[in-house]
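>>> Quick check, what structure comes out for this input:
(one chain, ligands or ions: 1)
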Amino acid sequence: MNNRQTFFVTSPIFYPNAQPHLGHAYTTLLCDVLARHHRLVGDEAYFLTGTDEHTEKVVQAAKAQGQKPEEYLEEIVARFKNLYQKLDISYDQFIRTSDQKIHLPGAIEMWNRLVTAGDLYKSSYIGLYCVGHEAFMTEKELVDGLCPDHGMAPEKVTEVNWFFRLSKYASQIEKFIADGTLPIIPESRKKEILSFIRSGVQDVSFSRPKEKMTWGIPVPNDPGQTMYIWVDALTNYITALGFGRGEELMRFWPGMHVIGKDILRFHTVFWPAMLLSANLPLPKMVFVHGTIISNGKKMSKTLGNIINPYELIKKYGTDATRYLLLRHVHSTEDTDVTWEKLDEWYTANLTNGLGNFISRVMKMSEDNLDIREIQNFRNDTLEADAKDKQAKIHELLEQFRFNDALDEIWKFIAIGDELIQKKKPFQLIKENPEKGKEEILNFVWRAFRIANFIEPFMPDTSRKIRAAFQENKKPENLFPRLDT
Ligand SMILES: [Zn+2]
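Numbers count the residues shown, from 1 in each chain. Okay, here's the model as predicted:
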């Protein structure tokens, strides 16, 4: 029997109507670190990502390029996968909502369950539809008659839709969020969503007429209507696990969702309501990460302040990019990132920090020790120290405090640097070879522990440092100096 704990983490599924950007990279990276961490502690972890493909934006973007949606999507999806490969993202499944085999049966099953529960009804609707949001908006969400996010006036639309009785579940969800049955991290987002629910929740349109939504999953038994976003998109988190087609991975549900603040409502109100209606367990947790801004503003083409993830990887390399995003972007708050700051962080903490420490230590080791001495080394005091440190890092990761976890590791590196200054093992070895060796071994031990600590964050660097031990050889230049 398998007694391992399961851990299921999901990134949002992204709209593939444009190229992947830094926000996509960041969210997915956080999921990756969590998945790697859980695998390392022995859990059975499963990491899901993917693309939300049934949107008119895809149809429009494809049209603009003279392509069919399917052709257009192949290219964009390949770009997302390519970015994830470049970032060393260890997802287990990449789900695409246009996948008829993997996704469709579960979306239909979810729809039918909502029907069975009596939670879907047809009604005519007059609403304010923001094309940018692809969603109806309420009067009070508008600022001077415009959508504050898209700066455009919504269209007045009258149509017949299927509606979901979201209002029926509002008080139940409010209670579950308030009492921690459905944990939302951080606390500020929990408060935000509670105040949203308390301001009054209305039923939501779950379908649109087929002529308005030409690309999507037809509503069961009502082919004149197409499923609109919610059942189609949110249900991916379980269709990927086999919901509606055999359930072979459903043991991973419930899992946790990592999201940005713009989709908070959908994941903490809409989705839980659907799950309650379908008689399925609520998510284990929703973690809402911080946002990367640049020069004090949201990144945008018009402002010209976009930092593209490919450029980051090209300039700094995969693991350095991972490090920069994980340590220097605040887990739950907005962080201003500029190229100047990135360069500074890279040089101070990687080139002169981790890279320099490892290379100094391994050079001393290569020159003065043989492999057996390293393999036979034991120091129980140091070992206990490392155990405490590892426990602390795990604890911070379990709280999604990625920055703080890396701070702990960099404190450990800084102490190593200080000790080299103080103990001067490179001199000591000449005066007293026996004592010198022992000191160098202590530093080698420290470097080895660093390789363990950084593994979920910087897997390739961790592997390179381990390889350096095995060969007792100074590693290649881990973080080359930036050209000035
Ligand atoms: Zn809008």
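
>>> Please, where are all the helices along the stretch 301-450 of the chain?
309-316, 318-328, 339-345, 356-368, 371-375, 380-398, 402-423, 425-431, 433-453 (DSSP state H, counting those that start in this stretch).

>>> Tell me the buried residues in the first one?
Yep, that's helix 309-316 we're talking about. For helix 309-316, burial by neighbour count (16 or more other C-beta atoms under 10 Å) applies to Pro309, Tyr310, Leu312, Ile313, Tyr316. (C-beta placed from N, C-alpha, C; glycine too.)

>>> returning to that earlier point: pick the most deeply packed of the helices of the stretch 301-450 of the chain.
Of all the helices of the stretch 301-450 of the chain, helix 318-328 has the most neighbours on average by mean count of other C-beta atoms under 10 Å, namely a mean of 23.

>>> Model confidence for Ile126, exactly?
We have a pLDDT of 86 for Ile126.

>>> which other residues reach stretch 219-233?
Outside stretch 219-233, the residues within contact range by C-beta atoms under 8 Å, 6 or more residues apart in numbering are 13, 52, 54-55, 97, 107-108, 110-112, 114-115, 134-135, 160-162, 164, 204-210, 212-218, 266, 270-271, 274.

>>> So how do I select the buried members of those residues in ChimeraX?
Only the buried entries of these go into this ChimeraX selection, using 16+ other C-beta under 10 Å:
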select :13,52,54,55,97,107,108,110,111,114,115,135,161,162,164,204,205,206,207,208,210,213,215,216,217,218,266,270,271,274
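
>>> Where strands are concerned, which of the contacts of stretch 219-233 count?
Mapping the contacts of stretch 219-233 onto strands (DSSP state E) picks out Ile13, Ala135, Val160, Asn161, Trp162, Phe164, Val204, Ser205, Ser207, Arg208, Pro209, Pro218.

>>> The fourth one reaches Lys210, doesn't it?
This means Asn161. No. Asn161 is beyond contact range of Lys210, at 11.8 Å (criterion: C-beta atoms under 8 Å).

>>> lowest-pLDDT helix or strand in the chain?
Within the chain, confidence by mean pLDDT, DSSP states H and E is lowest for strand 135-137 among all helices and strands, at a mean of 81.

>>> wait, what's in contact with Lys437?
By C-beta under 8 Å, 6+ apart, the contact set of Lys437 is Asn368, Leu369, Glu373, Ile429.

>>> got a list of what Phe479 touches?
Gly317, Ala320, Tyr346, Leu350, Thr351, Leu354, Gly355.

>>> what number of residues lie near the fourth one?
For Leu350, the tally of surrounding residues (other C-beta atoms under 10 Å) stands at 23.

>>> So which bits of stretch 347-355 are buried?
If you call a residue buried by 16+ other C-beta under 10 Å, then stretch 347-355 has these buried ones: Thr347, Asn349, Leu350, Thr351, Gly353, Leu354, Gly355.

>>> What of stretch 63-77?
By neighbour count on 16+ other C-beta under 10 Å, the buried set for stretch 63-77 is Pro69, Tyr72, Leu73, Ile76, Val77.

>>> Does the second one touch Ala61 like I think?
Yes. Between Tyr72 and Ala61 there is a contact at 6.3 Å, judged by C-beta under 8 Å.

>>> hang on, the earlier thing: take the buried residues of stretch 63-77 and keep only those in helices.
Per DSSP state H, helices hold the following members of the buried residues of stretch 63-77: Pro69, Tyr72, Leu73, Ile76, Val77.

>>> you'd agree the fourth one is up against Gln19?
Yes. In this structure, Ile76 is within contact of Gln19 by C-beta under 8 Å, at 7.5 Å.

>>> Contact partners for Leu342?
Leu342 touches Ile307, Leu312, Tyr316, Leu324, His328, counting by C-beta under 8 Å, 6+ apart.

>>> Now for the closest residue to the second one other than its chain neighbours: which residues touch it?
What it means is Leu312. Closest residue to Leu312 apart from its sequence neighbours, by C-beta to C-beta, 6 or more residues apart in numbering: Thr321 at 4.6 Å. By C-beta under 8 Å, 6+ apart, Thr321 lies in contact with Leu87, Pro309, Leu312, Ile313.

>>> Mind telling me the two of those residues farthest from one another?
Longest distance between any two of the contacts of Thr321 is 9.3 Å, between Leu87 and Leu312; criterion C-beta to C-beta.

>>> got any residues that touch both of the two?
Taking C-beta under 8 Å, 6+ apart as the contact rule, Leu87 and Leu312 both touch Ala25, Thr321.

>>> re the thing from before, next, format the buried residues of stretch 63-77 as TSV and append distance to Lys424 and pLDDT.
What follows is the buried residues of stretch 63-77, written out as TSV (distance: C-beta to C-beta, whole Å; pLDDT from 0 to 100):
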residue	distance to Lys424	pLDDT
Pro69	66	92
Tyr72	62	93
Leu73	60	94
Ile76	56	91
Val77	55	95
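
>>> ok, of these, which one's closest to Ser462?
For the buried residues of stretch 63-77, the residue nearest Ser462 by C-beta to C-beta is Val77; the value is 29.4 Å.
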